[in-house]
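Asks: Sequence plus predicted model, see below.
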Amino acid sequence: MVKKKSRMSPAYIFIVISLALLAIVMIYPIYNQLVISLTGPEYIAQADGTSIIPRGITLSTYRSVLAIPKVYLGVLNSLLITSVGLMVNLVLTSMGAYVLIKKDLLGRNVFMTLIIITMIFEGGLIPDYFLMKNLHLLDSYWSVILYKAVNPYYLIILMRFFSSVPKSLFEAARVDGYSEFKILFKIVLPISLSGIATIALFYGVFHWNEYFRSMIYLTSQVKWPLQVVLRELIVSMEKAAFIGATNFLKGSGAANIDFKAIKAALIIIAILPILMFYPFVLKYFVKGRTAGAVKE
Amino acid sequence: MRSETKRRLKRDRQLYIMLLPVLLFFFIWHYIPMWGARIAFQDMRYIGANEWVGLKHFKMLFSSPVFFRVFMNTVTISTMKIILIFPLPIFLAFSFNELRGSIYRNALQSVIYIPHFLSWVVISGIFISLLASPDGVINQIITLFGGDPVSFMTSTRHIRWVFVFSEAWRSIGWDSILYIAAINSISQGLYDAATVDGASKFQQAMKITLPSIAPTIITMFILNLGFFMNAGFDQVFNMMNDAVINHVDIIDTYVYRVGLTKGNFSLGTAAGLFKGVIGIILILGTDKISRKISGEGVW
């Protein structure tokens, strides 16, 4: 009885309604882009920010956008950088985390300190750029893959997951004559899958969303990931890029597609992988968020 | 002693082999650039070694009205963000706590985290579409109520508020996770006892929930202060335009523009170092304060 009464109280109803409104504020801007991208070319001129349902639903905007060489190359580059980058991240971070949970390793505290220092101080953008240049990595995919090969925050998150592996398992493996590599890959990783999933998601989102380093390091446009293409077309709206893209579309017989719809379709393409995986991986994100915030 | 050291090194040699690539990574991509930052104290020469010039570039920086403006923008934007955004995730967590056991809660929560996973390029695209064009939703609403459309992205009066709002849009859900977790770990017994004593929901929130999550709030506030000088490069870089540059240009965007695009490498590095040093002072200072208040450091 008491519970039911509190459920119906004005304060409770107020909270439910305001949270629902907040959820709409969070999701509507994204939904709005989806509506614009799906609106048929003949209606796009009338479509505005307040359209709730797309009129004349069509995928023609997506077909045209994906036909722009820059865009499909961008998708491919993003997939390449994200997948190779992720492999490098996971191998290095799990090796580092596995070694650094050994409290009796000689020099461990020095290594930890050196790693933590990099969290609060960095050489800066320009020294980074010169390093890339001196290593002859400019215009190589490796420049954007390697510069964040290990993220210290994620290393610490993974260490937390690894620490919860029962110590007796290590002992048993050592008795069986397993090498450290074998212990890591055959025992620790399989039972820390949720930890690996957690940091894989963080790294994956990072690579997928990364644009700035790609923009300054990757000098040939054919290597640009999707976000850089997006930035050029959406944010800076460089005239050349705009004209180039629309000329291309004219050539493909899609002259009447509005630039507004092109931008919206690109935005949706850029967030689609995240939205697709989101429901399945949400719990890992939340786990990582809380694990990352708890102090050592 | 020495033989003991040798024994341990030998025993753990496989571990050192595993750690080597990781340490190599940190050495190459973090410590070499720190050493590279010495060009802030040098003049670049295209032939031969660079010439050491001491604090010349720092003096240039501090006497430059542009840098002063950039510094003030950084401080202003960061302050606005901390004051206006910091309390919101806490309110949010309290509100979600009231929905305990209801079916909406999970769905609402997951929706509110989504913006955190979008890049600033995407967010800028969305906000430009929402705010800049006369047929964006906000201007549609303004005209509906008889107002004139506002070009928010190019208006010096509005752009900083756009920054605060878009940052809030992106981060409050994600930040609320921590407070929600902290609230969830409070023992239910405390609330039951308070209910028996006749405490209202509001009294429970103020007397039980708030004090219980106070350490989390303090830690988060301190961490935020520590990263005060990072006013949000990605956001500013993507939302900035010529009309508002004087109001939103921050140290990080200044470093990029002066250093990389205009080729004043030493000046740009000096600005970056100046920011880095202030950041360290803030982090160490707040760490001290934290130790005094809560007995625990940030690190």
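Replies: Good, I have the coordinates.

Asks: residue contacts, residue A:281?
Replies: Listed by CB atoms under 8 Å, 6 or more residues apart in numbering or on different chains, the contact partners of residue A:281 are A:197, A:201. In short, each C-beta sits where N, CA and C put it, glycine included.

Asks: no wait, residue B:30
Replies: Residue B:30 makes contacts with A:118, A:122-123, as judged by CB under 8 Å, 6+ apart.

Asks: Highest neighbour count among those?
Replies: Using other CB atoms under 10 Å in any protein chain shown as the neighbour criterion, residue A:123 leads those with 26 neighbours.

Asks: Can you give me the distance of that residue to residue A:89?
Replies: Using CB to CB, to the nearest Å, residue A:123 is found at 21 Å from residue A:89.

Asks: Next secondary structure after the least confident helix or strand in chain A by mean pLDDT?
Replies: Of all helical and strand segments in chain A, the minimum by mean pLDDT, DSSP states H and E falls on helix A:2-7, at a mean of 51. Remark: after helix A:2-7, the chain's next helix or strand is helix A:10-38, criterion DSSP states H and E.

Asks: so what secondary structure elements neighbour that following helix?
Replies: helix A:60-67, helix A:259-293, helix B:87-98, helix B:104-113, helix B:120-127, helix B:137-144, helix B:159-184 (3 or more CB pairs under 8 Å, 6 or more residues apart in numbering or on different chains; DSSP states H and E).

Asks: redo that, cut-off 6 Å
Replies: helix A:259-293, helix B:87-98, helix B:104-113 (3 or more CB pairs under 6 Å, 6 or more residues apart in numbering or on different chains; DSSP states H and E).

Asks: Of those helices, which is nearest residue B:163?
Replies: helix B:87-98 (15.0 Å; CB to CB).

Asks: Show me where chain B has its strands.
Replies: Applying DSSP state E to chain B gives strands spanning B:42-43, B:51-52.

Asks: so how far is the last one from its chain's centroid?
Replies: Read that as strand B:51-52. 35 Å (CA atoms, centre = their mean, to the nearest Å).

Asks: and stretch B:54-63, which residues are buried?
Replies: Using 16 or more other CB atoms under 10 Å in any protein chain shown as the test for burial, stretch B:54-63 gives B:56-58, B:61.

Asks: related to what we said a few turns ago, of all the strands of chain B, which one comes closest to chain A?
Replies: strand B:42-43 (11.9 Å; CB to the nearest CB).

Asks: near chain A at all, that closest one?
Replies: No - counting by CB under 6 Å from any CB of the partner chain, chain A is not contacted by strand B:42-43; separation bottoms out at 11.9 Å.

Asks: now stretch B:92-110
Replies: Yes - applying CB under 6 Å from any CB, one finds that stretch B:92-110 is in contact with chain A at B:95, B:98, B:108, B:110.

Asks: The closest residue to chain B within the stretch 151-296 of chain A: neighbouring residues, count only.
Replies: When scored by CB to the nearest CB, the stretch 151-296 of chain A has residue A:209 as its residue closest to chain B, at 3.5 Å. Applying other CB under 10 Å, we find 22 residues neighbouring residue A:209.

Asks: so it makes contact with residue B:118?
Replies: No - using CB atoms under 6 Å, residue A:209 is not in contact with residue B:118; the gap is 7.4 Å.

Asks: which SS state does whatever residue of the stretch 51-200 of chain A ends up closest to chain B fall under?
Replies: The nearest approach of the stretch 51-200 of chain A to chain B comes at residue A:123, 2.8 Å away (CB to the nearest CB). Taken by DSSP: H, G, I helix; E, B strand; the rest coil, the conformation at residue A:123 corresponds to coil.
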